[in-house]
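K.L.:
What shape does this take:
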Amino acid sequence: MITVDELRTLHVFAAVPDAALAYLAGAVEDIRLVPGEYFAHEGDDRSLFIVVEGRAEITKVVGGDERVIGTRRPGQFFGEVPMTLSTPFPASGRAGEPTRVLKLAPAVYYSLAALAPSVPDRVAALARRYLDSLQTMAAEQHENDVRLIHPRRSARAHRVIGFLTRNQIDFDRVPLDADVALDDAQYPVLEFSDGARLENPTMRQIAEAVHLDVVPADDHYDVVILGAGPAGLTAAVNAAAEGLRTLVIETFAPGGQAGTSTRIENYTGFPFGISGDDLASRAFKQAKRLGAEVVVTRTVEGLDPATRELTLDGGDVVRADVVVLATGVVWRTLPVDGVDRFLGSGVYYGAARSDSAVAQGAEVCIVGAGNSAGQAALFFSRHARSVTMLVRGESLDASMSRYLIDQIAAIPAIRVDTRSEVVALHGGDGLRAADIVDRRTGAVERRDVDVLFVMIGADAETGWLPPEIARDARGFILTGADAEASGVWPDGRRPFALETSVPGVFAIGDVRSGSVKRVVAGVGEGGAAIAFTHQFLALDRPEPRE
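P.N.:
Predicted coordinates:
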């Protein structure tokens, strides 16, 4: 987290009032980069970057080759034209050497502009080198059609923020003063440009208000996919591309558990990683463009194994020639008394980029030792005052990829405490402290903790499925040879590799027993499931078992 004194050393902020710099220090994203690491990609949404240390290279792909078309040194900007014109980045930015940059999101930039008019003046002056007559446009602030008004640390507001962000709805946030009660039944409030207003709405009401699809357009589809995580969305992309009538039913928002990952670095084709919500956003747009129908805020309450009819909450029924189960998993809860009291006001399950606001300037604690926890630690170290990882084991080696362990070790702001667990939480209207036990000695220490991210594994929620769909002892769905060996497989033929013990019902991704719990594996299974779908649809009829 950058300080006011560090900001003052940059020439552009020399005349900026202390109050404005104090705001900026608490709102900006402080990013440290290794050589070759990108902080912006061509086509990304607008932001303003300021180099603090090192050297940034501006690159563009020309004729298939990436060329360096400019550089930025400490105190210089990148993104002034996109910020001024509200356009995507026309080029990419990466570190040419160990580099530190500040990222100002549009909302931060415009708030700073109101406090310190010299900043937008400077940005406009730079932009005029490329385009004429931008100063008037630079003073104009884009207003979104949706405003979210909420207490600063509210569980209900946190859920709404995640829902809007992951469903790609642009909105403005208006946090209220601390003296507003977190449990005030009025909040959160959504206001719309047409004058409509929703007080403490349900996710369904929000989805309808922002024109998301919540009702299937038909009652019969070639393929119905349950779950819009990476596996489900990949299946939707492949099915729709091949002309199958495709419906995706999602309980919350596209992305699944991967959508809450702050960064995925082992996905092929993204050499410096991609966030889970960005990956989900691209897959969602691709599926929609190819013709897949996606409905959100709907829950499937029943599946008839004989007809493959799905009963949705509210009584809607759709029939599928093929059903693909891609429902993923849910985070395990923290086994600490009173934890529910702090949900959304200090305790969060999973960690997404949209959670950066709650971590800004905070004492952050992450419970978990997997790759998702490691990526969260790296991401929040840009925002938080400090980040502590609590690990039950002796080290990170058994559960985390080496590249993440090395990156964490290189960041002084991240502390890793092994053989440590949370045993109690403390606070009034929000989390303020946690008791941490050292399992080596038994000693308990109370530490200041503002935000606690819990990432301690996940379980499958498959209790709603009919008994004809076989599961293992932990509730994960059996497929292929395991489904055939379950004793309930009804056909004379062998099941396809991803087929469950009910013909025509497939399971992919994290919900499948024996699956590799990695995004790239789920994506591969999503594509394979549609290949098996074609083979199933080509069957004349099932052969009964003798």
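
K.L.:
So Phe163, which state does it fall into?
P.N.:
helix (DSSP: H, G, I helix; E, B strand; the rest coil).

K.L.:
Could you report the pLDDT at it?
P.N.:
You'll see Phe163 listed with a pLDDT of 89.

K.L.:
ok, how many other residues are close to Thr234?
P.N.:
Residue neighbour count, defined by other CB atoms under 10 Å, stands at 27 for Thr234. The way it works is simple: take the backbone N, C-alpha and C, and place the C-beta from them, glycine included.

K.L.:
does it sit in a helix or strand, and which one?
P.N.:
helix 230-241 (DSSP states H and E).

K.L.:
Any chance you could list what contacts that helix?
P.N.:
When contacts are defined by CB atoms under 8 Å, 6 or more residues apart in numbering, helix 230-241 is touched by residues 222-223, 225-226, 228, 246, 248, 250, 254-256, 258, 279-280, 283-284, 286-287, 290-292, 294, 324, 326, 328, 508-510, 519, 522-527, 529-531, 533.

K.L.:
Tell me which of those fall in helices.
P.N.:
Secondary structure from DSSP state H places 279-280, 283-284, 286-287, 519, 522-527, 529-531, 533 of the contacts of helix 230-241 in helices.

K.L.:
Turn the buried ones among those into a named ChimeraX selection, would you?
P.N.:
In ChimeraX syntax, the buried subset of these is picked out as below (16 or more other CB atoms under 10 Å):
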select :279,280,283,284,286,287,519,522,523,524,525,526,529,530,533
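
K.L.:
Could you check the pLDDT of Arg541?
P.N.:
For Arg541, pLDDT reads 52.

K.L.:
now the helices for the stretch 51-200 of the chain?
P.N.:
80-85, 106-115, 118-127, 135-138, 155-166 (DSSP state H, counting those that start in this stretch).

K.L.:
any idea which of those helices scores lowest on pLDDT?
P.N.:
helix 135-138 (a mean of 40).

K.L.:
Hmm, Asp448 is touching Cys365, no?
P.N.:
No. Look at Asp448 against Cys365 with CB atoms under 8 Å: they stay out of range, at 9.6 Å.

K.L.:
Same drill for the two, tell me which one is more crowded.
P.N.:
Cys365 (28 against 14).

K.L.:
For that one, which three-state class applies?
P.N.:
Applying three-state DSSP: Cys365 is strand.

K.L.:
Would you mind confirming that it is in contact with Leu390?
P.N.:
Yes. Counting by CB under 8 Å, a contact exists between Cys365 and Leu390, whose distance comes to 6.3 Å.

K.L.:
Touching both of those two, which residues are there?
P.N.:
Joint contacts of Cys365 and Leu390 (CB under 8 Å, 6+ apart) are Val422.

K.L.:
From Gly54, how far out is Val511?
P.N.:
44 Å (CB to CB, to the nearest Å).

K.L.:
Compare those two (neighbour count), which wins?
P.N.:
Val511 (27 against 18).

K.L.:
any idea of the pLDDT on that one?
P.N.:
For Val511, pLDDT reads 96.

K.L.:
What of Phe342?
P.N.:
For Phe342, pLDDT reads 90.

K.L.:
what sits against it?
P.N.:
So Phe342 contacts Leu425, Gly427, Gly430, Leu431, Leu452 (CB under 8 Å, 6+ apart).

K.L.:
any idea how far Arg447 is from it?
P.N.:
Phe342 is 15 Å from Arg447, by CB to CB.

K.L.:
what stretches of the protein score poorly on pLDDT?
P.N.:
Filtered on pLDDT under 70, the chain yields the residue ranges 62-65, 124-144, 177-184, 259-260, 262, 272, 540-546.

K.L.:
Just give the nearest non-adjacent residue to Arg94, would you?
P.N.:
Tyr38 (4.5 Å; CB to CB, 6 or more residues apart in numbering).

K.L.:
Give me the number of neighbouring residues for that neighbour.
P.N.:
19.

K.L.:
distance of it from Ala362?
P.N.:
27 Å.

K.L.:
And for Phe532?
P.N.:
From Phe532 to Ala362 the distance is 47 Å (CB to CB).

K.L.:
same check, this time on Phe49
P.N.:
Taking CB to CB, one finds Phe49 at 23 Å from Ala362.

K.L.:
now the strands for the stretch 351-500 of the chain?
P.N.:
For the stretch 351-500 of the chain, applying DSSP state E, counting those that start in this stretch gives strands covering 363-367, 386-391, 414-418, 420-427, 431-438, 444-448, 451-454, 458-459.

K.L.:
so can I have CSV of those showing distance to Ala241?
P.N.:
Formatted as CSV, those follow (distance: least, CB to CB, whole Å):
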stretch, distance to Ala241
strand 363-367, 38
strand 386-391, 41
strand 414-418, 42
strand 420-427, 46
strand 431-438, 46
strand 444-448, 51
strand 451-454, 36
strand 458-459, 30
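
K.L.:
what separates stretch 216-230 from the chain centre, distance-wise?
P.N.:
22 Å (CA atoms, centre = their mean, to the nearest Å).

K.L.:
Pro188 contacts Val160, correct?
P.N.:
Yes. Contact status for Pro188 versus Val160: in contact at 5.3 Å, counting by CB under 8 Å.

K.L.:
what do these two both touch?
P.N.:
What both Pro188 and Val160 touch, as defined by CB under 8 Å, 6+ apart, is the set Leu148, His150.

K.L.:
show me what contacts Val189?
P.N.:
By CB under 8 Å, 6+ apart, the neighbours of Val189 are Leu148, Ile149, His150, Arg197, Leu198, Glu199, Asn200.

K.L.:
And the furthest pair within those?
P.N.:
The largest separation in the contacts of Val189, counting by CB to CB, is between His150 and Arg197 at 13.5 Å.

K.L.:
Tell me which of these two has more neighbours.
P.N.:
Per other CB under 10 Å, whichever of His150 and Arg197 has more neighbours is His150, with 23 against 12.

K.L.:
you'd agree the more buried one is up against Val160?
P.N.:
Yes. Between His150 and Val160 there is a contact at 7.4 Å, judged by CB under 8 Å.

K.L.:
what touches both of these two?
P.N.:
What both His150 and Val160 touch, as defined by CB under 8 Å, 6+ apart, is the set Pro188.

K.L.:
if we can go back for a sec, could you turn the buried ones of the contacts of Val189 into a PyMOL selection?
P.N.:
To isolate the buried members of those in PyMOL, using 16+ other CB under 10 Å:
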select buried, resi 148+149+150+198+200
